[in-house]
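K.L.:
one predicted model, sequence on top.
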Amino acid sequence: MKNNKLILYLAIIVLALILIAQSAFIVQETEQVVITQFGKPVGNAITTPGLKFKTPFIQKANFFEKRYMEWDGDPNLVPTKDKMFIFVDSYARWQITDPLQFFKRLTNERGAQSRLDDIIDGETRDHVAAHNLVETVRSSNRVPVSSGAVSEEIGDSLANITVGREKIQRMILKSSNEKAKDLGIEILDFRFKRITYEEKVREQVYNRMNSERYRIADKSRSEGQGEASKINGEKERELKSIQSLAFKEAEEIMGRADAEAAAIYAAAYDRSSSSRELYAFIKSMETFQKTFDDQTSVILSTDSELYKYLKSMK
């Protein structure tokens, strides 16, 4: 009898534990719950954390993420308004804002990801196709930092941006949220992760970029050669002017020196007859030294001054 009572008590305890386990559940800070009964939602969604209860065996707790979740799209080949084909790779961040509506429309996160693929990819394709290629690549008009003719050429070659990449992203975000407003979710952010040219377009763009840079380089090179020729011309002119001035000063100095030497010779010649004779003798010897050597033969007349000096030396 006692054993039967013990078994009954144990069965009651086990049954009570099973009922508690089936009826009680804990909601974390990062979670929100929708209670369903036979697959249909019951009551409002539970968004506050803590210990919660439900009808055991009949009701089920469906947990959903409360934090931000990511959506990562696949690269798609999209045509632009100017008929350029580009691969657009994008990503977004979204959040479940109405768990009950989310459960009714999408059931779970896998269904939400699939629906976001349709919405965001479609809106991305529509907005990219409505704008030129340059609008999806650049966000604003760029002004070259450096100065000069090359900067002006580069500035002229840059297309004018009226919409830009940032605004296109905001437009896609807004239109995507309008499509997803009855799904119980909100798309918080959208960005282009990568935009690459289709192979044929890439070659055309690179060729155009190369030809543009070659044109700017040729113009800069010709301008540089013109400046170099101008500088070399000025250098040659200044050099000739300096040489001419130096030659003039040298001639003036030599003229003054010759004049002073002649004056000294004249003064010495005018002092006395002996001085004049000495001066004449020295000048004759200098002439003799410069004119003759040991291989020279000369025929002199008897009335030659040089003969007179040579005879006296003998």
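P.N.:
Received it, and whenever you're ready, just let me know what you need. Residues are numbered from 1 along each chain as shown.
K.L.:
quick check: mean pLDDT of the biggest helix by length in the chain?
P.N.:
Counting by DSSP state H, the longest helix found in the chain is helix 199-269. Averaged over helix 199-269, pLDDT sits at 82.
K.L.:
in stretch 53-65, what counts as buried?
P.N.:
For stretch 53-65, the buried set under the neighbour-count rule, 16 or more other CB atoms under 10 Å, comprises 54, 59-62, 64. Bear in mind the C-beta positions are built from the backbone N, C-alpha and C, glycine included.
K.L.:
my bad, should have said stretch 179-188
P.N.:
Burial within stretch 179-188, assessed by neighbour count using 16+ other CB under 10 Å, is assigned to 179-180, 183-185, 187.
K.L.:
once you drop chain neighbours, what's closest to residue 94?
P.N.:
Among residues not flanking residue 94 along the chain, residue 187 sits closest, at 4.8 Å (CB to CB, 6 or more residues apart in numbering).
K.L.:
kindly report the same for residue 75.
P.N.:
Ranked by CB to CB, 6+ apart and with sequence neighbours excluded, the top spatial neighbour of residue 75 is residue 89, at 4.2 Å.
K.L.:
cool, and residue 98?
P.N.:
By the measure of CB to CB, 6+ apart, the closest residue to residue 98 outside its immediate chain neighbours is residue 184, 3.6 Å from it.
K.L.:
could you verify my assumption that the one you found touches residue 97?
P.N.:
Yes: with contact defined as CB atoms under 8 Å, residue 184 and residue 97 form a contacting pair (6.3 Å).
K.L.:
quick one: low-confidence parts of the stretch 51-200 of the chain?
P.N.:
Within the stretch 51-200 of the chain, the segments meeting pLDDT under 70 span 142-159.
K.L.:
the helices in it, which residues?
P.N.:
With DSSP state H, counting those that start in this stretch, the ranges of helices along the stretch 51-200 of the chain come out as 99-106, 109-129, 133-137, 149-157, 165-179, 199-269.
K.L.:
for the shortest one, name the packing helices and strands.
P.N.:
Contacts of helix 133-137 with other secondary structure elements, assessed using 3 or more CB pairs under 8 Å, 6 or more residues apart in numbering; DSSP states H and E, are made with strand 85-96, helix 165-179, strand 185-197.
K.L.:
nearest to residue 74, of these?
P.N.:
With CB to CB, the closest approach to residue 74 among the helices and strands packed on helix 133-137 belongs to strand 85-96: 7.6 Å.
K.L.:
ok, that closest one: who's next to it in the sheet?
P.N.:
Each strand that strand 85-96 pairs with, and the sense of that pairing, follows from DSSP bridges: strand 69-72 (antiparallel), strand 76-79 (antiparallel), strand 185-197 (antiparallel).
K.L.:
contacts for the first one?
P.N.:
Strand 69-72 is contacted from outside by 91-96, 109, 113, 116-117, 120, 187, 193, using CB atoms under 8 Å, 6 or more residues apart in numbering.
K.L.:
now do 6 Å
P.N.:
With CB atoms under 6 Å, 6 or more residues apart in numbering as the test, strand 69-72 has contacts from 91-94, 116.
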